[in-house]
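Asks: Give the three-dimensional model of this entry:
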Amino acid sequence: MKFAAACLAVTALVPPVALAQRWTVQYFHDQDRATLSLQDLAFPSSRRGVAVGTIYEQSKGPRFVVLVSSDGGEHWSLDPVKEHPRSLFFLNDSMGWMVTDNGIWLTEESGRSWKKISGQQKADRKLRPAPPGGLILRVWFLAPRHGFAVGLQKTVLETQDGGRTWTPVEEAAKPPANPSFTAYTRIAFDNPRVGLIVGGATPPRRDDDRLPSWMEPEVAVRRRQVPSLTLLLQTLDGGAKWLHSTAPLFGIVTGLRLAGDDGLAVMGFNESFEWPSEVERIDLTSGKSTRVFREKNRRVLDSALFPGPRAFLAAVEPTGRLNSSPIPGKVKILTSTNFTDWSEMDVDYKAVARSLILAGPDADHLWCATDTGMILHLVP
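Replies: Sure, this is the predicted structure:
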């Protein structure tokens with residue numbers, strides 16, 4: 001399967017369902033001399049929500065926290081966690097996993113308490129040890145004991161005991177890419193059988209030691225976007241067998257969602273590219289993909305996809321000449337019922353961000369977390 005480059009027209013027609021909905025700020029970490037950067041968000045049901053992030057305070061080191069809601073985000077409790085969180089995955093209302101810089105943690109109490117499970121080696125020497133915490137970026141579980149982990153150095157692992165021990169998925173090592181510069185970054189299943197894993201290989205360039213782009217924008221805008229190797233693993237039997245493919249593409253995959261016969265992949269580009277991002281629709285039955293959204297003033301960071309179809313795109317408006325910037329941009333959320341006609345939804349004017357995460361169990365119960373300490377809620 002390859003991501004195609006065909007283009008579809010995008011019009012301004014507004015689906016009636018979008019006119020009655022708006023995004024409001026439901027939570028904001030508003031404290032003097034402290035900022036909260038939310039790293040990930042999960043809403044396994046319309047009532048249960050969990051977010052993880054880092055609080056930065058002047059003259060103090062970072063504090064890692066988890067936010068938990070049991071009433072649809074009306075109220076949130078904030079508690080510390082011991083390690084820097086990277087991502088979340090929840091199988092149901094109560095059972096979830098948190099990937100950190102140093103391992104994998106399990107909750108069976110909807111995020112209110114966590115137990116570290118990776119790195120704890122059992123006495124049985126036949127069992128493989130848990131993976132080094134620094135390699136894993138995300139996990140996805142099909143059942144309480146059966147799941148997969150993806151990460152750096154071409155890492156894809158499978159567990160049959162809830163994440164305590166892991167075995168490598170051999171197909172993941174087959175693409176011709178240097179593990180030192182290759183990572184599998186996204187994983188998604190539509191059902192217990194059909195799943196995709198996406199990654200990329202990005203060898204260093206000679207000018208990688210230059211100053212940050214925002215400090216020298218004149219140089220950054222002249223920096224050419226070059227193709228990188230995109231890696232894809234696909235399974236049709238719940239991970240019993242994986243097949244790999246590769247394609248040289250511009251940009252990297254920053255988001256992946258599946259629903260029914262469709263998928264959405266968000267591609268991000270560097271500062272010199274004419275467009276900051278684009279969104280590809282993936283036909284899971286034919287393996288073909290089609291570009292469905294690309295605009296110069298919208299940097300899409302995440303998507304949500306539900307049967308129907310009903311699709312959402314979470315984007316920010318670039319604040320200057322560069323596609324990316326340390327200055328937060330206005331949050332823009334778009335929706336579509338046919339992947340062709342996209343309309344912008346009403347978003348609270350206070351919402352600004354550099355990165356965004358969408359989460360929710362269905363198209364009527366959806367939330368959006370920002371790296372500026374906000375959680376937005378989709379309301380009628």
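Asks: how about low-confidence regions in this protein?
Replies: 1-19, 119-133, 205-226, 320-325 (pLDDT under 70).
Asks: tell me which element the spatially most central residue of it is part of?
Replies: Nearest residue to the geometric centre of the chain (C-alpha atoms, centre = their mean): Gly255, 5.0 Å. Using DSSP states H and E, Gly255 falls within strand 252-259.
Asks: on contacts alone, who are the packing partners of that strand?
Replies: strand 182-189, strand 195-201, strand 228-235, strand 262-268, strand 299-306 (3 or more C-beta pairs under 8 Å, 6 or more residues apart in numbering; DSSP states H and E). For glycine as for every other residue, the C-beta is placed from the backbone atoms N, C-alpha and C.
Asks: Now tabulate those in TSV and tack on mean neighbour count and distance to Ala143.
Replies: Shown next, in TSV, are the helices and strands packed on strand 252-259 (neighbours: other C-beta atoms under 10 Å; distance: least, C-beta to C-beta, whole Å):
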stretch	mean neighbour count	distance to Ala143
strand 182-189	22	11
strand 195-201	24	13
strand 228-235	22	15
strand 262-268	23	22
strand 299-306	24	22
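Asks: For Val50, which of these is the nearest?
Replies: strand 299-306 (16.6 Å; C-beta to C-beta).
Asks: tell me how far the closest one is from the chain's mean position?
Replies: 9 Å (C-alpha atoms, centre = their mean, to the nearest Å).
Asks: List the strands paired with the next helix or strand along the chain from it, with their directions.
Replies: Per DSSP H and E, strand 299-306 leads on to strand 310-316 as the next helix or strand towards the C-terminus. Sheet pairing of strand 310-316 (DSSP bridges) gives strand 299-306 (antiparallel), strand 329-336 (antiparallel).
Asks: With distance to Thr107 as extra columns, can I get those strands in TSV?
Replies: What follows is the strands paired with strand 310-316, written out as TSV (distance: least, C-beta to C-beta, whole Å):
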stretch	distance to Thr107
strand 299-306	23
strand 329-336	29
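Asks: For Pro276, which of these is the nearest?
Replies: Once those are compared by C-beta to C-beta, strand 299-306 is nearest, at 3.8 Å.
Asks: between the closest one and strand 252-259, how many degrees?
Replies: Interaxial angle, strand 299-306 versus strand 252-259 (axes from the mean of the first three to the mean of the last three C-alpha atoms, to 10 degrees): 20 degrees.
Asks: Contacts for strand 299-306 next, please.
Replies: Residues from elsewhere that reach strand 299-306 (C-beta atoms under 8 Å, 6 or more residues apart in numbering): 254-255, 257-259, 262-264, 266, 268, 276-279, 293, 311-318, 323-324, 329, 355-360, 362-363, 366.
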